[in-house]
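Undergrad: I would like to see how this sequence folds:
(one chain, ligands or ions: 2)
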Amino acid sequence: MSHGGMEGNDILGDFKIGSLPTLIYIPDFVTESEQTALLNKIYEAPVSKWKSVKNRRLQNWGGVVHEKGLVSQELPSWLTKITQKVHDDSGMFPLPINHVLVNEYLPDQGIMPHQDGPAYFPVVAILSLGSPVVMDFTPHLSLRFCTSTWTNNVKDRSSNKGALDIERVQWLDNHSPFSVLLMPRSLLIFKDKAYSDYLHGIKDVEVQSYNGVINEVEAVNEQVLDHSLSKDVKSIQRTTNRVSLTCRSVLKVHKNLFKI
Ligand SMILES: O=C(O)CCC(=O)C(=O)O
Ligand SMILES: [Fe+2]
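TA: Ligands and ions are numbered 1, 2, ... in the order given. Have a look, this model is predicted:
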């Protein structure tokens with residue numbers, strides 16, 4: 001099914017940012033009125049739908065994610081409208097999007113650097129609403145480079161240690177931290193290495209610098225429109241809440257808990 005607007009776009013060609021092959025940033029993915037409609041639906045949900053976690057509140061849609069998969073619940077139609085558009089326009093999801101996490105951050109809240117859980121297929125799309133923020137990506141050394149792992153697993157330590165050290169240094173040379181400015185109504189997608197080799201997080205501060213973000217050109221375009229972006233010092237003042245919709249595909253789906 002096609003949803004207009006993005007037809008004919010070569011997503012990777014037109015919206016890839018930074019040096020990784022699978023990091024996509026699409027500004028203005030939804031309109032102002034779509035943003036308002038989504039926020040209305042999110043805030044119409046009963047208070048019991050919100051779960052408070054450290055430093056933010058969240059709503060879980062699509063079912064409960066366990067280590068062994070998803071005990072699924074149908075997404076409401078106001079959400080499938082957006083997940084279908086994300087799926088079809090991006091062409092980055094081999095499976096339907098069946099899970100959406102809505103995160104709400106007050107201006108001084110963020111999310112610790114983390115990697116998303118193993119139950120998800122390694123691609124994520126984040127729709128940002130409300131206040132702009134900067135998301136930081138930090139290289140995350142895989143376990144095979146950790147000393148304790150190779151000491152335990154590798155029989156011939158002397159010959160393998162050197163090779164592993166070289167590989168480790170090469171890996172670090174190829175992975176640098178970077179940051180992305182997430183403007184309201186934008187969509188960020190990361191997949192494969194951008195998903196597995198980096199932690200992602202948002203600082204819990206009201207003022208953030210966007211100097212050097214890999215999509216800084218985006219900030220320059222938006223300054224005139226968005227008063228939360230200061231031009232001279234390249235900073236964002238987070239004056240309102242930010243609400244994000246994290247869209248993912250869980251591979252294993254169970255219709256009910258008893259079948260797990
Ligand atoms: O709010 C965001 O942009 C990030 C959310 C996130 O990383 C997550 O839900 O795993
Ligand atoms: Fe995440």
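
Undergrad: show the subsequent helix or strand relative to the lowest-mean-pLDDT helix or strand in the chain.
TA: Using mean pLDDT, DSSP states H and E, helix 147-153 stands out as the lowest-scoring helix or strand of the chain, at a mean of 50. Going down the chain from helix 147-153, the next helix or strand is helix 157-173, by DSSP states H and E.

Undergrad: show me the contacts for residue 205.
TA: 108, 110, 238 (CB atoms under 8 Å, 6 or more residues apart in numbering). In this view, the C-beta of every residue, glycine as well, is placed from N, C-alpha and C.

Undergrad: and the pLDDT at it?
TA: pLDDT recorded at residue 205 is 97.

Undergrad: tell me the buried residues in the one helix or strand residue 58 maps to?
TA: Taking DSSP H and E as the definition, residue 58 sits inside strand 56-61. By neighbour count on 16 or more other CB atoms under 10 Å, the buried set for strand 56-61 is 56-59, 61.

Undergrad: and it, which strands flank it?
TA: The pairing partners recorded for strand 56-61 under DSSP bridges are strand 50-53 (antiparallel), strand 99-105 (antiparallel).

Undergrad: tell me which of those sits most buried.
TA: Most buried of these by mean neighbour count (mean count of other CB atoms under 10 Å) is strand 99-105; its value is a mean of 21.

Undergrad: briefly note if that one comes near ligand 1.
TA: Yes: applying CB under 6 Å from any ligand atom, one finds strand 99-105 touching ligand 1 at 101, 103.

Undergrad: on the three-state scheme, the residue in the stretch 101-250 of the chain that ligand 1 sits nearest to is what?
TA: Residue nearest to ligand 1 within the stretch 101-250 of the chain: residue 244 (3.4 Å; CB to the nearest ligand atom). Put simply, residue 244 is strand when judged by DSSP: H, G, I helix; E, B strand; the rest coil.

Undergrad: OK, contacts around the nearest residue to it once chain neighbours are set aside?
TA: Excluding its sequence neighbours, the residue lying closest to residue 244 (CB to CB, 6 or more residues apart in numbering) is residue 103, at 4.8 Å. For residue 103, the contact set (CB under 8 Å, 6+ apart) comprises 56-58, 111, 243-244, 246.
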